[in-house]
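>>> quick one: sequence and predicted model below, then my questions.
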Amino acid sequence: MSERAPAETRIDCHVKVLDDRVVERAIDAGLDAIVYAPHFTRVPEIRREAATYSTEELRVIPGREVFTGSWHERKHVLAIGLEEPVPDFIPLETAMDEFERQDAAVLAPHPEFATVGLTEEDLRRYRDIVDAVEIFNPKHFPSHNRRARELAETLDIAPFASSYAHLTGSVGVAYTTFDAAIDSEADLVDALEGDVSRRVVYRNGGRRWKTMAAELAHLGYENTWEKVDRLFLSGTEPTHPHHIAYDGRFDDVSVY
């Protein structure tokens, strides 16, 4: 592990799992913080979990990855700093309007990956809203990461990296080092929106390929239509647009 500058913060900017083992793994990887953004979970619950597992050694920052559009045409967008709930399965335009209204930091995870990332056209359209593009993700093949870096550079959008960990062993395989002290969710939002200088850090070699294989295998199960149809689309799950938590605000734009 390299020496760190006086004011720098190492953050795995997108993690899907959280328990004591995840915290231990993150600390062992030299991280200062992780962004916890589980699927199909509302922000208040994410905040409670993040607070429960935050320690003096590791800050757990709440995030919300919203699935926009229908399941078959969905695009993922990661927001940090939301104060009001935003459901899944609403149009991308509606989600972006909500993020902008709430002044949340907006990140584009895994662009153009497996039909679930924002496209170049999307990024151009929302250039003034998107604060960072993920240029390394261990689920990607090298060609995907090269394309993601190309998008960030061509569109002049700041980069970030994450483990996108759905499995404990993936935490810390990739992260972003910010040249600033980041001690809270608000600090991270400010750093992302203020385009604070940063470096992406990732591991290649055996562990990187092992992580990729394990995560892609997990992805195969997670992304089955049967699972989502059974567990989510009944309309009562926490982030369904028709859930009572949203007070009917998104009924007119819900795609289900």
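Nice, thanks for sending it over.

>>> only C-alpha atoms from now on, for both contacts and neighbour counts.
Fine.

>>> where do the helices sit along the stretch 1-150 of the chain?
Using DSSP state H, counting those that start in this stretch, the helices of the stretch 1-150 of the chain run over 20-28, 43-53, 92-101, 120-125, 142-155.

>>> helix or strand right after the last one?
By that I understand helix 142-155. Once the chain leaves helix 142-155, the next helix or strand it forms, by DSSP states H and E, is strand 159-161.

>>> and the next helix or strand past that next one?
Per DSSP H and E, the helix or strand that comes after strand 159-161 is strand 174-178.

>>> give me the contact list for that next one.
8-13, 136-138, 160-163, 191, 196-203 (CA atoms under 8 Å, 6 or more residues apart in numbering).

>>> with stretch 102-118 instead?
Stretch 102-118 is contacted from outside by 73-84, 99, 119-120, 129-137, 140, 144, 148, 189, 192-193, using CA under 8 Å, 6+ apart.

>>> from the contacts of strand 174-178, which ones fall inside strands?
9-13, 136, 160-161, 198-202 (DSSP state E).

>>> which of the residues you listed sit farthest apart?
T9 and F136 (17.9 Å; CA to CA).

>>> higher neighbour count, these two?
With neighbours defined as other CA atoms under 10 Å, T9 and F136 compare such that F136 has more, 30 against 21.

>>> for that one, which residues count as its bridge partners?
On the basis of DSSP bridges, F136 is bridged to A161.

>>> and it, what pLDDT?
Note on F136: pLDDT of 93.

>>> okay, now the residue nearest to V17 when sequence neighbours are not counted: neighbour count?
Of all residues not flanking V17 in the chain, H166 sits nearest, at 5.8 Å (CA to CA, 6 or more residues apart in numbering). Around H166 sit 20 other residues, with neighbours defined as other CA under 10 Å.

>>> relative to P38, how far out is H166?
H166 is 9 Å from P38, where distance means CA to CA, to the nearest Å.

>>> which residues do those two both contact?
Counting by CA under 8 Å, 6+ apart, the shared contacts of H166 and P38 are V15, K16, V17.

>>> what about the first one, distance to I46?
Plainly put, V15 is 12 Å away from I46 if you go by CA to CA.

>>> so H166 makes contact with L18?
No - in this structure, H166 is not within contact of L18 by CA atoms under 8 Å, at 9.4 Å.

>>> thinking again about what came up before, ok, and the most crowded of the shared contacts of H166 and P38?
V15 (25 neighbours).

>>> contacts only, for it.
Residues near V15 by CA under 8 Å, 6+ apart: I34, V35, Y36, A37, P38, S162, S163, Y164, A165, H166, V171.

>>> any idea how far the fifth one is from G63?
Read it as P38. 8 Å.

>>> hey, what's in contact with both of those two?
Contacts common to P38 and G63, judged by CA under 8 Å, 6+ apart, are I46.

>>> of those two, which one has the most company?
Legend: neighbour count by other CA under 10 Å for P38 and G63, higher for G63 (28 against 20).
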